[in-house]
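Undergrad: Below are the sequence and a predicted model for it; my questions follow.
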Amino acid sequence: MPDKPLLPQGQELAAPPSFRWVAVSLAVAFLLTLLPWPDGWRWLVPDFTLMALLYWHIHAPRLAPLGAAFGFGLMTDAVRGVLMGQHAVAYTLTAFLAIYLRRRLENFSAPARAVQLAPLFLFKEMLVLALGWLFGGHAADWRFLLAGIVAALLWLPLAMLFDRLAGRPWSESAPSRAVK
Amino acid sequence: MSRTPQAPMFVREMGLPVRLTLYLVFGLGLMVADQRLDALSLLRSSMMALLHPMQAQLARPFQFFGEASDFFVIHGDLMADNRKLSQERDALLQSMQSWRSLELENTRLRDLLALPPRPEVASLAAEIIRTQPDPFARRVVVNRGEKDGVLPGRPVVDPHGLVGQVTRVYPTSSEVTLLVSKEQSAPVMNARNGLRLIVSGVGSDDLLEVRYLDMQADLKAGDLLATSGIDGVYPAGIPVARVLRLEMPSHTPFARAVCAPLAQTGQYQHVLILQPRPGLAAPVPPVPAAPSPEQRDAG
């Protein structure tokens, strides 16, 4: 098995993900969180916006800058009616970690990447709870941490879908044995 | 900056950690401004004015499917419902008659005693459009807002009892914090003997509690608790909860009463927002007897 090529190969080189694609997918993910989810599952609904953001932060960080995470965080704050800045700070920190770790994350196969991302999703949920607790002084409902685990479980299908849409061959995400 | 997926050869921008720090400082500043100074309500309501129509459009297909399943009902069911409803209506009309005469009598007696008239309230029907996934409080969004004259602090009721309080008002929607959410409370009166208490949420959907209860307090399982009206937020006489059991203290000097809320927010799609009737003065400016979230946040 040869080393991972330095440049993207095949269709991804010919038609790299465009800014329009990134914007549309982020908007769709944000709209998904606005759907009227059933009340009984409210702590299980994953943060689709963050999932889409992290995908682009890992695969095309030039197209999804930190500011995108901050802006979508602010919109989430407004929609959820929590303190302005709570999700914005949590998204920005998580996005920073994802961009910082992206070279390492790229070397994993897609399922292994989901495992690597689970702590990040949990970190975001914890950060939101901790910030709300620090600023509001209310006791949090810790069941909402489950949303982070659900997000990690749903990461794989979402990544497959985005890979397909972005024209990145699924085989590229197969385990690379270059890293020993 | 050109939008290319690959990094340009010569980068002329701030490094990632610097950008992160700037965003974090800005975000934390926003949080402080929102919490301490309450300065961002304009930003929030303008963002909601943009986002709320989108949410309403997204919810529409789901509403349609809900209504479509209602369409296929059996004629017999409708007949039975109709019969039951007209019986209920007759019973209600009868009790209304005695209520009218009692109200007249009450007004006359209050006149005799030179008591101020009871504040009258008008109600505004609202539909619950969604629940907020908030880990800190139980909140729902209703489809009435600033344009309908809703103001923060208004009490919200359903056919069975007190639901909660309007805490945030957007242009076309508003947010109601339910009484069952943690740290919400309402001043109540035991309907049996007039004992005044404060009932608070515990964070569960079907439990309320009376904390710091005197061990000798005359409160029994089955007692009905209704708002006492002394806080000026909730008008008097709205049923709130029924006492389930009393828990005697084991190592504290106070007992605790566990109650079941009477409002059934999970079941009903519609609630009433109570507004002071136009023409009459507003009841009393809100007194922090029942700390509303804004007041708590501000303090």
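TA: On my side now, so go ahead.
Undergrad: check which helix or strand covers residue 70.
TA: Picking chain A for this. helix A:66-80 (DSSP states H and E).
Undergrad: my bad, chain B
TA: Using DSSP H and E, residue B:70 falls in helix B:41-71.
Undergrad: So which bits of that helix are buried?
TA: Neighbour-count burial for helix B:41-71 flags B:43-45, B:47-48, B:51-52, B:55-56 (criterion: 16 or more other Cβ atoms under 10 Å in any protein chain shown). C-beta: built from backbone N, CA, C; applies to glycine.
Undergrad: Tell me which residues are up against the top strand by length along chain B.
TA: What stands out as the longest strand in chain B, according to DSSP state E, is strand B:121-132. Here strand B:121-132 makes contact (Cβ atoms under 8 Å, 6 or more residues apart in numbering or on different chains) with A:36, A:39, A:42, A:80-81, B:55-56, B:59, B:138-144, B:148-150, B:156-157, B:173-175, B:235, B:265, B:268-278.
Undergrad: just to revisit the earlier point, and chain B, is the helix holding residue A:70 touching that?
TA: Yes. Applying Cβ under 8 Å from any Cβ of the partner chain, one finds helix A:66-80 touching chain B at A:66-67, A:70, A:73-75, A:78-80.
Undergrad: Helices of chain A, residue ranges please.
TA: Using DSSP state H, the helices found in chain A span residues A:11-14, A:19-34, A:48-59, A:66-80, A:86-100, A:102-106, A:110-136, A:146-166.
Undergrad: and if you look at the stretch 101-250 of chain B?
TA: Under the criterion DSSP state H, counting those that start in this stretch, the stretch 101-250 of chain B carries no helices.
Undergrad: can you list the residues of it near chain A?
TA: Residues of the stretch 101-250 of chain B lying near chain A (Cβ under 8 Å from any Cβ): B:129-137, B:139, B:141, B:168, B:175, B:182-183, B:203.
Undergrad: hmm, back to that, for the longest strand of chain B, list every residue counted as buried.
TA: By neighbour count on 16+ other Cβ under 10 Å, the buried set for strand B:121-132 is B:121, B:124, B:126, B:128-132.
Undergrad: strands paired with that strand, and their directions?
TA: Partner strands for strand B:121-132, per DSSP bridges, with pairing direction: strand B:139-142 (antiparallel), strand B:270-276 (antiparallel).
Undergrad: Now tell me which of the ones you listed the model trusts least on average.
TA: Ranked by mean pLDDT, those end with strand B:270-276 at the bottom, a mean of 87.
Undergrad: Would you mind listing the buried residues in it?
TA: Counting neighbours by 16+ other Cβ under 10 Å, one finds that the buried residues in strand B:270-276 are B:271-276.
Undergrad: Poorly predicted segments of the stretch 51-200 of chain B, please.
TA: Scanning the stretch 51-200 of chain B for pLDDT under 70 picks out B:119.
Undergrad: Quick check: bridge partners of residue B:189?
TA: residue B:196, residue B:226.
Undergrad: go on, residue B:126?
TA: Beta-bridge partners of residue B:126, counted by DSSP bridges, are residue B:271.
Undergrad: Same check on residue B:210?
TA: residue B:199, residue B:257.
Undergrad: Who are the contact partners of it?
TA: When contacts are counted by Cβ under 8 Å, 6+ apart, residue B:210 touches B:197-200, B:219, B:225, B:243, B:256-257, B:259.
Undergrad: Nearest to chain A among those residues?
TA: Distance to chain A across the contacts of residue B:210 (Cβ to the nearest Cβ) is lowest for residue B:200, with 12.7 Å.
Undergrad: Pull the number of nearby residues for the closest one.
TA: By other Cβ atoms under 10 Å in any protein chain shown, the residues close to residue B:200 number 21.
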